[in-house]
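A.B. asks: Quick check, what structure comes out for this input:
(one chain, ligands or ions: 1)
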Amino acid sequence: MMAQQQAQASYDAQDLWQKDRNHFVHPFTDFSVFHENGCDLITDSDGIYVEDAHGNRFIDGIAGLWCVNVGHGRAEIGQAMAEQATRMAYFSTFNNLSNAPATELAAKLAELAPAHLNHVFYSCGGSTANDATIRLVHYYFNRLGKPSKKRILSRTNAYHGTTYMAASLTGIASNNWQFDTLDLVTHLSEANCYRRPEGMSEAEYCDHLTDELEQTIDRLGADNIAAFIAEPIMGAGGVLVAPQGYHSRVQAICRANDILFIADEVVTGFGRLGHFFASEAVFETQPDIINVAKGLSSGYAPLGATLISDALYEVLSTPQGPGGVLSTGFTYSGHPVSCAAALKNIEIIEREGICENVLDVGPYLESQLKTLASHETVGDIRGSHFMMAIENVADKTTKELLPVEARVGDRVAAEAQKRGLIIRPVGHLNIISPPLIWTRQVVDEVVAILDDAFAATTRSLK
Ligand code: PLP
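C.D. replies: Here you go, the predicted model:
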């Protein structure tokens with residue numbers, strides 16, 4: 001299929017690179033190496049593979065960017081989008097206007113989500129979903145006559161996106177370096193079992209983190225706090241799995257203090273942990289709001305959604321009085337083509353048992369990745385199911401990191417790519433977040449590549 005696509009459209013890689021470097025401002029890009037390294041033009045894709053402009057084929061180990069959950073080249077999603085685009089590509093959803101895919105998708109999401117989440121507010125991706133959520137949460141408390149409840153609790157190393165509000169929720173220091181943030185957010189400690197204080201058991205660590213939350217609420221005053229937001233498993237911040245019971249205890253504390261609990265399931269949603277939503281199925285929480293994007297449409301079209309509880313919706317939908325409207329939303333809220341893609345994507349996830357595949361192959365991926373522990377730089381291998389990371393260190397006992405200049409994550413990723421596998425470097429980490437259609441056989445192939453890549457990295461660091 002990829003060969004066929006190449007015959008249809010071949011690219012002049014050199015010409016494109018010139019245009020790219022002159023005109024395309026790439027997101028999240030290190031300009032100290034960008035100009036000298038050029039860029040990899042990914043031109044074709046099929047199933048678990050992508051191909052570059054030079055005809056090199058790679059196993060996609062990052063699902064594009066944690067999003068192509070059903071895999072690449074799904075003609076039926078393309079067809080659903082084309083049919084919708086031809087029939088009615090776009091019309092407003094403001095006021096009483098609607099479109100069939102947006103309505104069908106809202107009903108489908110309500111069916112799949114935890115029972116109390118029955119209302120959907122659409123956005124254009126994960127950042128805008130989180131941004132819109134904070135506006136809605138503030139509006140909710142304003143409507144309840146509690147306008148002082150404004151502050152949002154987030155966590156160090158959380159990633160919630162890149163609009164101004166979402167970047168302010170984000171707790172990754174390097175992401176906001178020399179950028180400004182809004183003074184609306186208080187960051188609590190991340191839940192990092194690997195780097196928890198020396199001598200603390202996991203249970204004691206959980207107490208330690210929830211004590212910090214309670215102390216923070218005491219210090220700021222519950223009357224000033226609107227919501228707590230967290231990824232069920234912290235993704236870009238290092239694939240950090242919180243200690244057992246952490247999320248449900250946090251939720252109980254929030255509930256006792258009239259603080260809303262927001263789950264950012266932009267990565268964990270739509271099968272990555274083996275369920276459409278991980279909050280209830282894996283972490284035994286009932287969030288007031290769940291935000292999704294990425295796997296919602298498997299990246300075939302931009303789309304985000306905020307799933308809102310019945311209790312919240314009752315307040316949000318209470319008429320303001322003559323002329324008053326819920327004045328928030330996007331031109332592309334409920335975009336028909338994106339919603340058509342999402343509906344087909346969900347149909348595929350259900351029809352092919354993709355969550356079941358993750359529940360079956362996920363533990364195998366975890367156990368096989370753990371065989372890499374003997375490599376000199378590998379300090380920690382963590383995550384769950386199709387959301388995994390490897391943390392590189394200089395010293396396994398002290399967990400001391402290698403110097404930044406060693407660019408160890410980049411080295412491992414480059415060695416893997418030379419051998420036909422794309423994984424993601426994030427500082428000293430390597431993230432593996434594949435399409436959810438990997439089989440055990442693919443896992444074996446990937447782990448063999450990684451074995452060689454880590455060995456080559458160790459040699460290159462000597
Ligand atoms: N939330 C989480 C947990 C994410 O990982 C991301 C992106 O990686 C976002 C939000 C932002 O999503 P987007 O890039 O679609 O705006």
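
A.B. asks: C-alpha only now, for contacts and for neighbours.
C.D. replies: Fine.

A.B. asks: quick one: residue 291 and residue 119, what's the gap?
C.D. replies: Separation of residue 291 from residue 119 (C-alpha to C-alpha, to the nearest Å): 12 Å.

A.B. asks: overlap in contacts of these two?
C.D. replies: Listed as contacting both residue 291 and residue 119 by C-alpha atoms under 8 Å, 6 or more residues apart in numbering are residue 307.

A.B. asks: Who has more neighbours out of the two?
C.D. replies: residue 291 (30 against 20; other C-alpha atoms under 10 Å).

A.B. asks: Go ahead and confirm the more buried one touches residue 126.
C.D. replies: Yes: with contact defined as C-alpha atoms under 8 Å, residue 291 reaches residue 126; the gap is 7.3 Å.

A.B. asks: hey, what's in contact with both of these two?
C.D. replies: Common neighbours of residue 291 and residue 126, counting by C-alpha under 8 Å, 6+ apart, are 266, 304-305.

A.B. asks: Just the ones in strands from the residues you listed, please.
C.D. replies: 304-305 (DSSP state E).

A.B. asks: If we check the ligand, which of the shared contacts of residue 291 and residue 126 are in contact?
C.D. replies: When contact is defined as C-alpha under 6 Å from any ligand atom, the shared contacts of residue 291 and residue 126 meet the ligand at residue 266.

A.B. asks: Just the buried ones from the shared contacts of residue 291 and residue 126?
C.D. replies: Neighbour-count burial (16 or more other C-alpha atoms under 10 Å) applied to those gives 266, 304-305.

A.B. asks: In TSV, list those along with pLDDT and distance to residue 87.
C.D. replies: As requested, those are exported to TSV (pLDDT from 0 to 100; distance: C-alpha to C-alpha, whole Å):
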residue	pLDDT	distance to residue 87
266	98	29
304	98	23
305	98	23
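
A.B. asks: Could you single out the nearest of these to the ligand?
C.D. replies: Among these, residue 266 lies closest to the ligand (C-alpha to the nearest ligand atom), at 4.8 Å.

A.B. asks: Distance check, the closest one against residue 233.
C.D. replies: Relative to residue 233, and taking C-alpha to C-alpha, residue 266 is found at 11 Å.

A.B. asks: residues in the protein within reach of the ligand, list them.
C.D. replies: Counting by C-alpha under 6 Å from any ligand atom, the residues of the chain near the ligand are 125-127, 159-161, 231, 235-236, 264, 266-267.

A.B. asks: Restricted to strands, list those.
C.D. replies: Filtering the residues of the chain next to the ligand for strands - DSSP E - leaves residue 264.

A.B. asks: Tell me the secondary structure at residue 55.
C.D. replies: Under the three-state scheme (DSSP: H, G, I helix; E, B strand; the rest coil), residue 55 adopts coil.

A.B. asks: what are the ranges of the strands in the stretch 1-150 of the chain?
C.D. replies: 42-46, 49-52, 57-60, 117-123 (DSSP state E, counting those that start in this stretch).

A.B. asks: Where does the prediction get shaky in the stretch 101-250 of the chain?
C.D. replies: Within the stretch 101-250 of the chain, no stretch falls below the threshold (pLDDT under 70).

A.B. asks: quick one: the helices in it?
C.D. replies: Ranges of helices within the stretch 101-250 of the chain are 126-143, 164-169, 202-220, 246-256, based on DSSP state H, counting those that start in this stretch.
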